[in-house]
Structures are given as structure tokens and as C-alpha cells.
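Undergrad: no sequence for this one, just the structure:
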Ligand SMILES: [Cu+2]
């Protein structure tokens, strides 16, 4: 029953979007905008199949496995400091005000698909702009031109429009999408605490994580090939960052409004940015700063947004998000910490 309502909603939504595109053929008062992104580790570009040297505190080299993220609410900043929304082109990578950036091409150790998408495209009112801003994450709801609510994050990926239809980027209806997914295979693997019956690979992360408010994992990580070491510790191949909303309540399947204790969306702003000459870099050196990729102290291998996961402490600091409430009932978990996130920077585009 609900499926039909969702289908009806998307049919209803795609028509007005089509009308909007046609209306923009008169582009007299609009200019085309393209914001380029790239993936790097410090000064080195990162590509599937190539060693990324010196990541994290252990200074290990690593191979990329996955690097995808959702960007929303992209805007240009005018001389008065106003954020002027970029109206995104609607295509397989961009829907409503959300775009998926995809830096993996399925070569080397990379998973996913051959396509790459690294440039957000759209229209903005003609003008002179000084900066750019965007949010990492998928909004819960956006309003279409007719004032109808479109539910974006907490929806069924199987019936959602692209690019919200990717199973690998979905957790479950309630928790919604993975906003950032970065996975690397460090040289020598990732060593984890001994397996206890309660913490068996494949089942434990999901069960333990949901007990502490992290999303149950829809695609619960297939256990990576594990090597049991002489001291009982286990070595697995992949360190994973999966960022998304956690502690979500409300049955999204029944169409209930879902609200999440930790939204975990990251606002990013560059007061000075020239789209013609510059690009935004997602810097893995900054992302893994202060983190030893060779060791995982518990819960998910890496950080899957779990408030009790030891690796999420330094990771959330790098993301400039609060992992936990600053005080009891402060309700600020998952909100921006107020620091500037270190994971993005601006550089001259080549
Ligand atoms: Cu962990």
C-alpha cells in the first residue's frame, strides 16, 4: 500500500521538475554553475588502484575501496554574504537539491561501479559571487515548487529516484542514507580486539551498534576476510567510515515522520571560491588525521557513526561534528561542533 503512495509521490514530483527544466530554457537571468570536486591525500590525488602513502598516525599506505558522498543545498555566496541556492540540473547524479559525488571507478580494490561523478552542475541567478557553501548529507524533506514535501533521506532506496537508489549508500528506511562512505584497505590490514561470542563478525556490529543508537546495518558488512592472530586479535582488510543520521525514531515505512537524535550533516562554507579556477578537495589525510588505520579498538571496523565507537571520537572531530551531547539533555549530538571541518579545502583546478 505504502509503495503505491511512494510511487504516486514520485510521479507527482517528476512532472513539476520537468516543467521547471523547460521554463529554464529562457536562461536570460540565470547562469550555469559547475562546482568541481576532487579526492586527494595531502597534495597527492587519490585514485583506485594506486597506493595512498602515509595515511593516519601509523603513516600506513592504503588502497582506496570506496569514496562516495551526498552533497545538498549547494549555494553560491554573493558580495553581501548571502547564500544563493544553486538549482541543480536533474540527472542520474542529481535529484531535488541533492547530488552524489562518486570517486571510485571499480578498478583496483574499489567496489561500486565504473562511473565517476565529481562536478555539481546547475543554475544560479546571474551575478558576481565570492564563495560557495554546501552540506554533506541528504536532507530529510525538501519542498517542491508546488509546495509538496519530498521525503529524501528516510525512504526506500529500491523505489527512490537516482542518485538515492543505491543500495551501497543506504542503511535502512529509518536511518536513511550513508552521507559519506570512505573505505580504505591499509597495508597490513586492520587489527581488532579478539572475537567474543557477543562480538562475532557479521552479527555483532549490527546488533551492538543498534543497542547504542547507531543504525542497524541494512547491508550489514559482509565479514571481511579475517585472520586470527596468535594473541586472539583479528586482522581484517578494510577500515570504513560510514557517516549518516543515528538514533532515528518514527516508522518511515509507514510514512511517519522520522526524527534522529544525531543528524550528522556537515555544513561546509568557503567564503572565497572561484568555480572557474578552483575546486573543492576532499582530503583523506585530513579525514584520517589522528587515526591509526592499522588498529580498531571496537564496534565497527572504523567508524559507522556509533556514539560509543572509539574511532568515531577523532573522526567526528575531523568532521567538526559533535559525537555526543555536550551535556545531558543538551540535544546537540550530531550537530556541527562550531569548528571548521578539516576534511575539505580549496585548491587551484588543473
Ligand atoms: Cu570502530
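TA: Happy to help now that I have it. These numbers were taken from a predicted model, which means no experiment stands behind them.
Undergrad: got the residues of the stretch 251-350 of the chain near the ion?
TA: 296, 299, 300, 309, 311 (CB under 5 Å from the ion). Just so you know, the C-beta spots here come from the backbone N, C-alpha and C atoms, and that holds for glycine as well.
Undergrad: could you dump those to TSV with neighbour count?
TA: Converted to TSV, those look like this (neighbours: other CB atoms under 10 Å):
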residue	neighbour count
296	25
299	24
300	25
309	25
311	26
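Undergrad: any idea how far residue 283 is from residue 230?
TA: Distance check for residue 230 against residue 283: by CB to CB, to the nearest Å, it reads 37 Å.
Undergrad: then residue 271?
TA: From residue 271 to residue 283 the distance is 19 Å (CB to CB).
Undergrad: equivalent analysis for residue 88, please.
TA: Applying CB to CB to residue 88 and residue 283 gives a distance of 24 Å.
Undergrad: do residue 246 as well
TA: For residue 246, the distance to residue 283 equals 25 Å [CB to CB].
Undergrad: can you name the residues in contact with stretch 339-346?
TA: Contact with stretch 339-346 is made by 266, 268, 270, 272-273, 278-283, 286-287, 289, 317-320, as judged by CB atoms under 8 Å, 6 or more residues apart in numbering.
Undergrad: got a quick PyMOL command for the buried subset of the residues you listed?
TA: One line in PyMOL is enough to select the buried members of the contacts of stretch 339-346, burial here meaning 16 or more other CB atoms under 10 Å:
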select buried, resi 266+268+270+273+278+279+280+281+282+283+286+287+289+317+318+319+320
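Undergrad: how far does stretch 232-248 sit from its chain's centre?
TA: Its chain's C-alpha centre and that of stretch 232-248 lie 14 Å apart, by CA atoms, centre = their mean, to the nearest Å.
Undergrad: what of stretch 77-87?
TA: Centre-to-centre, stretch 77-87 and its host chain are 23 Å apart (CA atoms, centre = their mean).
Undergrad: straight-line length of that stretch, end to end?
TA: Counting by CA to CA, to the nearest Å, you get 14 Å between the two ends of stretch 77-87.
Undergrad: please apply the same query to stretch 158-170.
TA: 10 Å.
Undergrad: mind listing what's buried in that stretch?
TA: By neighbour count on 16+ other CB under 10 Å, the buried set for stretch 158-170 is 160, 161, 163, 164, 165, 166, 169, 170.
Undergrad: did I read that right, residue 286 in a helix?
TA: Yes. Residue 286 forms part of a helix when assessed by DSSP: H, G, I helix; E, B strand; the rest coil.
Undergrad: make JSON lines from the buried residues of stretch 158-170 and add pLDDT to it.
TA: Shown next, in JSON lines, are the buried residues of stretch 158-170 (pLDDT from 0 to 100):
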{"residue": "160", "pLDDT": "94"}
{"residue": "161", "pLDDT": "95"}
{"residue": "163", "pLDDT": "98"}
{"residue": "164", "pLDDT": "97"}
{"residue": "165", "pLDDT": "96"}
{"residue": "166", "pLDDT": "96"}
{"residue": "169", "pLDDT": "97"}
{"residue": "170", "pLDDT": "96"}
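Undergrad: what would those residues look like in CSV with distance to residue 103 and secondary structure?
TA: Formatted as CSV, these follow (distance: CB to CB, whole Å; DSSP: H, G, I helix; E, B strand; the rest coil):
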residue, distance to residue 103, secondary structure
160, 22, coil
161, 22, coil
163, 14, coil
164, 18, coil
165, 19, coil
166, 14, coil
169, 13, helix
170, 19, strand
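Undergrad: filter these by proximity to the ion?
TA: By CB under 5 Å from the ion, no member of the buried residues of stretch 158-170 lies near the ion.
Undergrad: from what I can see residue 40 touches residue 282, true?
TA: Yes. With contact defined as CB atoms under 8 Å, residue 40 counts as touching residue 282 (7.3 Å).
Undergrad: below-threshold pLDDT in this protein: ranges please.
TA: Residue ranges of the chain with pLDDT under 70: 1-27, 197-225.
Undergrad: helices of that one, start to end?
TA: Taking DSSP state H, the helices of the chain run over residues 2-23, 204-211, 284-287, 312-319.
Undergrad: how close does residue 134 get to residue 322?
TA: Applying CB to CB to residue 134 and residue 322 gives a distance of 20 Å.
Undergrad: out of the two, which sits in the busier spot?
TA: Neighbour totals were compared for residue 134 and residue 322, and residue 134 leads with 24 against 21 (other CB atoms under 10 Å).
Undergrad: how about that one, what does it touch?
TA: For residue 134, the contact set (CB under 8 Å, 6+ apart) comprises 35, 71, 72, 73, 74, 75, 120, 268.
Undergrad: looking at those residues, spot the one nearest residue 103.
TA: Nearest to residue 103 among those: residue 71, at 12.4 Å, using CB to CB.
Undergrad: what count of nearby residues applies to residue 143?
TA: Neighbours of residue 143 (other CB under 10 Å): 10.
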